[in-house]
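K.L.:
sequence first, then the predicted structure:
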Protein chains: 2
Amino acid sequence: MKVLIIGGVAGGASAAARLRRLDEQAEIVVLERSGYVSYANCGLPYYVGGVITDKEALTLQTPESFRRRFRIDVRVGHEATAIHPEQKTVEVRAGGETYEETYDKLILSPGARAVRPELPGIDDERIMTLRTVEDTFRIREYVERRRPRHATVVGGGFIGLEMAENLMEAGIPTTLLQRSAQVLPPLDYDMACQVHSYLRTRGLDLRLNTPIAGYEDAGDCLRVMLKEKPPLQTDLVLLAIGVEPDTQIARDAGLELGIKGSIVVNEYMETSLPDIYAVGDAVQVRHLVSGRPALISLAGPANKQGRIAADRICGREARYQGSQGSSVIKLFGMTAASTGLNEKSAQAAGIPYDKVVNFSTDHAGYYPGAANLTLKTLFDPESGRILGAQIVGFGGVDKRIDVLASAIREGLSAADLSELELAYAPPYSSARDPVNVAGFTMENLRSGLVRQFHWDQVDALRREDGVMLVDVRTPEEFRSGHIPGAVNIPLDELRDRLEEMDRSKTIYVNCHSGLRSYLACRILAGNGFDCAHLSGGYRFYAYVMS
Amino acid sequence: MKVLIIGGVAGGASAAARLRRLDEQAEIVVLERSGYVSYANCGLPYYVGGVITDKEALTLQTPESFRRRFRIDVRVGHEATAIHPEQKTVEVRAGGETYEETYDKLILSPGARAVRPELPGIDDERIMTLRTVEDTFRIREYVERRRPRHATVVGGGFIGLEMAENLMEAGIPTTLLQRSAQVLPPLDYDMACQVHSYLRTRGLDLRLNTPIAGYEDAGDCLRVMLKEKPPLQTDLVLLAIGVEPDTQIARDAGLELGIKGSIVVNEYMETSLPDIYAVGDAVQVRHLVSGRPALISLAGPANKQGRIAADRICGREARYQGSQGSSVIKLFGMTAASTGLNEKSAQAAGIPYDKVVNFSTDHAGYYPGAANLTLKTLFDPESGRILGAQIVGFGGVDKRIDVLASAIREGLSAADLSELELAYAPPYSSARDPVNVAGFTMENLRSGLVRQFHWDQVDALRREDGVMLVDVRTPEEFRSGHIPGAVNIPLDELRDRLEEMDRSKTIYVNCHSGLRSYLACRILAGNGFDCAHLSGGYRFYAYVMS
Ligand SMILES: Cc1cc2nc3c(=O)[nH]c(=O)nc-3n(C[C@H](O)[C@H](O)[C@H](O)COP(=O)(O)OP(=O)(O)OC[C@H]3O[C@@H](n4cnc5c(N)ncnc54)[C@H](O)[C@@H]3O)c2cc1C
Ligand SMILES: Cc1cc2nc3c(=O)[nH]c(=O)nc-3n(C[C@H](O)[C@H](O)[C@H](O)COP(=O)(O)OP(=O)(O)OC[C@H]3O[C@@H](n4cnc5c(N)ncnc54)[C@H](O)[C@@H]3O)c2cc1C
Ligand SMILES: CC(C)(COP(=O)(O)OP(=O)(O)OC[C@H]1O[C@@H](n2cnc3c(N)ncnc32)[C@H](O)[C@@H]1OP(=O)(O)O)[C@@H](O)C(=O)NCCC(=O)NCCS
Ligand SMILES: CC(C)(COP(=O)(O)OP(=O)(O)OC[C@H]1O[C@@H](n2cnc3c(N)ncnc32)[C@H](O)[C@@H]1OP(=O)(O)O)[C@@H](O)C(=O)NCCC(=O)NCCS
């Protein structure tokens, strides 16, 4: 059996290694257009920032090590230019020459490429993108040799933000331009607000709602032309506005394509044509939660899909169940993470949801170093099934997102989360882990113990009759900022001051995080009041409003 | 409704707070023998070590805050001395007086107390135990006032190890005496070996297999008499050889008791007598994995059980499904954690299991700060269901144990672990998380891709005919230590040196961690050899043998 693989990184290299382990006799050829295989795409920004200094650390395997260890024929600098499915051949271009390569099975793992919009001046060589090792060395060399006084990152997704951090790490004042109102699309706007404010405290010049009109060469610097705003002078532009599947040869070969030209595959990673498999960023997957077709460009799924393609080719049982988009990013000292659906994607898929916002310390508050994290969880109001989670914080964010990612994959409900027995000692967690508390909070809502309202309802409520806004924090907390129109009745005085509240009105309670307002609602409800509490508290509200 | 609660800490205080939230009208009385309620037992060792310095941080609530916020009548210094189930009363002693208190519902959360063995000299006041805030202040005061030149911790469980760390943190040279061959009973011996060697590098005088015969007052110091070894001079002994349920009043009242005098309860936390509930360290639980009765003294379960008892009393649906013993401990810079069954407990319960040992970096190796963790996973050979996991390492240990704890609770299999989509970025994980890799490893075993052998089989194998031991590491690695009798054939030369191996023999392969030996086995099997590889590699073997 001869297996030909196009693309030698996350999906392709994983498939190749697994194939060899399953079949010592197979002939395995990997074609890779760039000069490197098996490289750590995800580490590239850190090489630019000087956090990773060893060039060799950027590649996990080399063509030589693949040959030595796996007897795999890896050809870098070889680009597949056409697939002929009927003849089962692939046309390859290498160093000006072209040749044909045959296959019994073909695996496509060509990945995605950075989007370059058609804007005036876009071809300036100081406008760079980051995808390959070559791109990385080019940017790093530019940084070292030209010592830019200022850099501009365009796009606030993972790569844009990591590059902004690393350019600043390299000592370059950096501006990040984002067309929309928030960075990090996997987060909802309200969760991104804390990220915005943090990034600014770290010195990033973050400009939201700032679309670009074009670029102008201004001699020793570059002018970024903004719509309706004065232009920005910069020395280096890093373009990171998204990626699109790198699938021209798949299109030409007549493979069925999906979203943005991605390759359509079934759960066995088989394309629409026999003996051709496809994996990684180039394929359209089924979203695990919504069941909808989706593009999810992440290394974990690419690696797993590559392994599954190899298993199937060798006749083993294996099935890809879908992607859920579990992701995490370091932003200076902060961590942001998400998994499953957010509000935007749930709405787009027409999936009903409710949500809770919790604010917990990452470990016992009395043990040094505890820091708060904000956890937003989406769930199905009917069944309580968890649909998605987003976390922003400093410590322990990656842990909770992984527990929630596992919970979502296995279809757990809010009640299941409250029961999880997670490991506790003061340096690591609390006797009730934030994930348990999120479970409690959802169950309390679902069972009608409390009703909640959200930051985006506050303005309308203030204008309504029949409504009283009560803030149950301490007078000191209240003085340092509160919802306009709210009356301050500290929680511990509430039972003694019930007569100050109008029983004909609905009492809308808030505190700092949502805990005391929940307690207040239980007191009010136990005394015959109609009430609701502000999810996420004044803290969450204030981040969004500021 | 009047609810009386005995014990005002993890289980009792949780029940009290939840009760109030569910019923604004209930009369709630909490009796607490010690001078404090709602204290952070788990933080106490760190106060001794001076890591936590604020006394007030040790209590989450006070009698005053309970009254103010919850209208709960909390009585510290009040000990319940008898329960009269027929009259529904409890006898209480406080400050020399006694009185009777009635109840409609009674919740017992008396916890456990430190075991004090009957040994000569055991009543010396310099031999202390740690359970309450009073104990903590006593030890801390002794440390500050007497400045002990040397301390001895007896017992290598969680509390013993935390106290050893904290006594050393307070500047006191410390010896830890452990009767058995290992510390941390939730770990298997082989997993504990790395902990032993680490603790010694941190300066702890760790003496295993060292039972104590008694204690002698030697004037300005204390003599710890050891069996078959010279005595040890010390200034302070911290006794931490285990706890037993503090259930004398439950016994006297005729409640059904289980293991070590623990209170038998059903899944609703109901005892054998009507209207009496019990929770926390004092109760016998069902082990979630084995289904057997068990004692599991942990704060998370106590908190959850207290909440469930409150829910049941208020007529809500709630059920305790069982405990799995998820635990984690910080040991200086190291972290050890476990969940579910270990080999000892699986054997005791007669549950068939197989196991794998993996050795992974906690995050991408090329990103600064990556450190290795050792993960041992037990699974059901038949179904692949995960039965238990143990992890020892430096970073990311708590994260993986929580993912595995969730997996075990939901009955996931090895195959499910390989599919989990966990969040990956270089500072947090790898594209294949250690949990995924453990899943792969188990699935490869189960599907017959490879066979393995273990460190404790090596000696017998060396003496067998028909066996060849092959070490596939590099010559440098081999030279720095190897299994006696093993032949060195580096992995990358294996295919070219197949004729050096005897096809009539079974080839037992090892490498450093188990990865290369697995690759070697796939090469050997693909070339017609019968072979097996050493689980956990030479590294794991060497830790156990040293
Ligand atoms: C800067 C950066 C940071 C990232 N960080 C993270 C992260 O932190 N976490 C995460 O989960 N994911 C991250 N990703 C995404 C992750 O790297 C990808 O999801 C993953 O690499 C996709 O694997 P793949 O095999 O589909 O494509 P790739 O890994 O991109 O490999 C495709 C390869 O195919 C080659 N190729 C394409 N067409 C041809 C052709 N016709 N002939 C020959 N060769 C061809 C390309 O040169 C390329 O090397 C990051 C990506 C980048 C660029
Ligand atoms: C030093 C230490 C460190 C620990 N570290 C951890 C950890 O890191 N992680 C973890 O999960 N667990 C840890 N634990 C265990 C955890 O604290 C217990 O599992 C948990 O507190 C049990 O809750 P409980 O309510 O059953 O008992 P407790 O919290 O012990 O409360 C019982 C209370 O009842 C009182 N009482 C007993 N009898 C009577 C009576 N007759 N009348 C009135 N009052 C009575 C006692 O004075 C006591 O205050 C630790 C325990 C200790 C001592
Ligand atoms: C590294 C790469 C070549 C894959 O190679 P690989 O040999 O499959 O991966 P590893 O070296 O991690 O080996 C894993 C194998 O060892 C096995 N293994 C690991 N530890 C083991 C142990 N202790 N005992 C037994 N087997 C073990 C695993 O089960 C797996 O084998 P399997 O797939 O047959 O089940 C490929 O993933 C790659 O190129 N990665 C870099 C690119 C990339 O991922 N970029 C995006 C992220 S930065
Ligand atoms: C603290 C203690 C008194 C329990 O009090 P508690 O009021 O139940 O606990 P918390 O203050 O954490 O409040 C949790 C409640 O707020 C709710 N909550 C938390 N955050 C919320 C939010 N953002 N929105 C809505 N509700 C929220 C939770 O759901 C929970 O309510 P529920 O039980 O009715 O569902 C008790 O656990 C205790 O004494 N602990 C110390 C002793 C101990 O545990 N020792 C061992 C470990 S060191």
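P.N.:
Structure received. Ligands and ions are numbered 1, 2, ... in the order given.

K.L.:
do I have it right that A:Gly514 meets A:Thr374?
P.N.:
No - judged on C-beta atoms under 8 Å, A:Gly514 makes no contact with A:Thr374 at a distance of 10.5 Å. For every residue, glycine as well, the C-beta is placed using N, CA and C.

K.L.:
shared neighbours of these two, anything?
P.N.:
Taking C-beta atoms under 8 Å, 6 or more residues apart in numbering or on different chains as the criterion, A:Gly514 and A:Thr374 both touch A:357-359, A:536, A:540.

K.L.:
in those residues, find the pair that's most separated.
P.N.:
Pairwise distances across the shared contacts of A:Gly514 and A:Thr374 peak at 9.9 Å for A:Asn358 and A:Phe540 (criterion: C-beta to C-beta).

K.L.:
which neighbours do these two share?
P.N.:
Residues touching both A:Asn358 and A:Phe540 (C-beta under 8 Å, 6+ apart): A:374, A:514.

K.L.:
if we can go back for a sec, with the shared contacts of A:Gly514 and A:Thr374 in mind, which one is nearest to B:Gly43?
P.N.:
Of all the shared contacts of A:Gly514 and A:Thr374, B:Gly43 sits closest to A:Phe359, with 21.2 Å by C-beta to C-beta.

K.L.:
test my guess that that closest one contacts A:Ser513.
P.N.:
Yes - counting by C-beta under 8 Å, A:Ser513 is a contact partner of A:Phe359 at 3.9 Å.

K.L.:
need the overlap of contacts for these two.
P.N.:
Taking C-beta under 8 Å, 6+ apart as the contact rule, A:Phe359 and A:Ser513 both touch A:536-537, A:539.

K.L.:
tally of neighbours for A:Gly322?
P.N.:
Applying other C-beta atoms under 10 Å in any protein chain shown, we find 20 residues neighbouring A:Gly322.

K.L.:
can you list the shared contacts of A:Gly514 and A:Thr374 in JSON lines and add neighbour count and distance to ligand 1?
P.N.:
Output for those, formatted as JSON lines (neighbours: other C-beta atoms under 10 Å in any protein chain shown; distance: C-beta to the nearest ligand atom, whole Å):
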{"residue": "A:Val357", "neighbour count": "24", "distance to ligand 1": "26"}
{"residue": "A:Asn358", "neighbour count": "25", "distance to ligand 1": "25"}
{"residue": "A:Phe359", "neighbour count": "19", "distance to ligand 1": "26"}
{"residue": "A:Gly536", "neighbour count": "29", "distance to ligand 1": "28"}
{"residue": "A:Phe540", "neighbour count": "26", "distance to ligand 1": "27"}
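
K.L.:
so which of those belong to helices?
P.N.:
A:Phe540 (DSSP state H).

K.L.:
got the residue ranges for the helices in the stretch 301-450 of chain A?
P.N.:
Under the criterion DSSP state H, counting those that start in this stretch, the stretch 301-450 of chain A contains helices at A:343-348, A:397-409, A:414-419, A:434-446.

K.L.:
same thing with the stretch 1-150 of chain A?
P.N.:
Assigned by DSSP H, counting those that start in this stretch, the stretch 1-150 of chain A shows helices spanning A:10-22, A:44-48, A:63-70, A:133-146.

K.L.:
and the third one, what's buried?
P.N.:
Of the residues in helix A:63-70, those scored as buried under the neighbour-count criterion (16 or more other C-beta atoms under 10 Å in any protein chain shown) are A:63, A:65-66, A:68-70.

K.L.:
turn these into TSV, including pLDDT and distance to ligand 3.
P.N.:
Formatted as TSV, the buried residues of helix A:63-70 follow (pLDDT from 0 to 100; distance: C-beta to the nearest ligand atom, whole Å):
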residue	pLDDT	distance to ligand 3
A:Pro63	97	12
A:Ser65	96	9
A:Phe66	98	8
A:Arg68	97	13
A:Arg69	97	8
A:Phe70	98	8
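
K.L.:
contacting residues around the one residue in the stretch 301-450 of chain A that gets nearest to ligand 4?
P.N.:
Closest residue of the stretch 301-450 of chain A to ligand 4, C-beta to the nearest ligand atom: A:Phe440 (3.3 Å). Contact analysis of A:Phe440 by C-beta under 8 Å, 6+ apart lists A:418, A:432.

K.L.:
tell me the pLDDT of it.
P.N.:
According to the prediction, A:Phe440 has pLDDT 98.

K.L.:
got it, and the one 3 residues further on?
P.N.:
What the model reports as pLDDT for A:Glu443 is 98.

K.L.:
just give the nearest non-adjacent residue to it, would you?
P.N.:
Spatial nearest neighbour of A:Glu443, excluding adjacent residues (C-beta to C-beta, 6 or more residues apart in numbering or on different chains): A:Ala414 at 5.1 Å.

K.L.:
dump the C-alpha coordinates for stretch A:244-263 into PDB.
P.N.:
What follows is stretch A:244-263 as a C-alpha-only set of coordinates in PDB (Å, rounded to 0.1, in the frame of the first residue of the first chain):
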ATOM      1  CA  GLU A 244      -9.300  30.300   4.900                       C
ATOM      2  CA  PRO A 245      -8.900  26.600   3.900                       C
ATOM      3  CA  ASP A 246      -6.000  26.200   1.500                       C
ATOM      4  CA  THR A 247      -7.900  24.000  -0.900                       C
ATOM      5  CA  GLN A 248      -7.400  25.100  -4.500                       C
ATOM      6  CA  ILE A 249      -6.200  21.700  -5.600                       C
ATOM      7  CA  ALA A 250      -9.100  20.000  -3.900                       C
ATOM      8  CA  ARG A 251     -11.500  22.300  -5.700                       C
ATOM      9  CA  ASP A 252      -9.800  21.600  -9.000                       C
ATOM     10  CA  ALA A 253     -10.000  17.900  -8.400                       C
ATOM     11  CA  GLY A 254     -13.700  18.100  -8.000                       C
ATOM     12  CA  LEU A 255     -13.900  17.300  -4.300                       C
ATOM     13  CA  GLU A 256     -17.100  18.500  -2.600                       C
ATOM     14  CA  LEU A 257     -16.500  21.700  -0.800                       C
ATOM     15  CA  GLY A 258     -18.300  23.400   2.100                       C
ATOM     16  CA  ILE A 259     -18.000  26.600   4.100                       C
ATOM     17  CA  LYS A 260     -15.300  29.000   2.700                       C
ATOM     18  CA  GLY A 261     -14.100  26.300   0.300                       C
ATOM     19  CA  SER A 262     -13.400  23.700   3.000                       C
ATOM     20  CA  ILE A 263     -13.300  20.100   2.100                       C
END
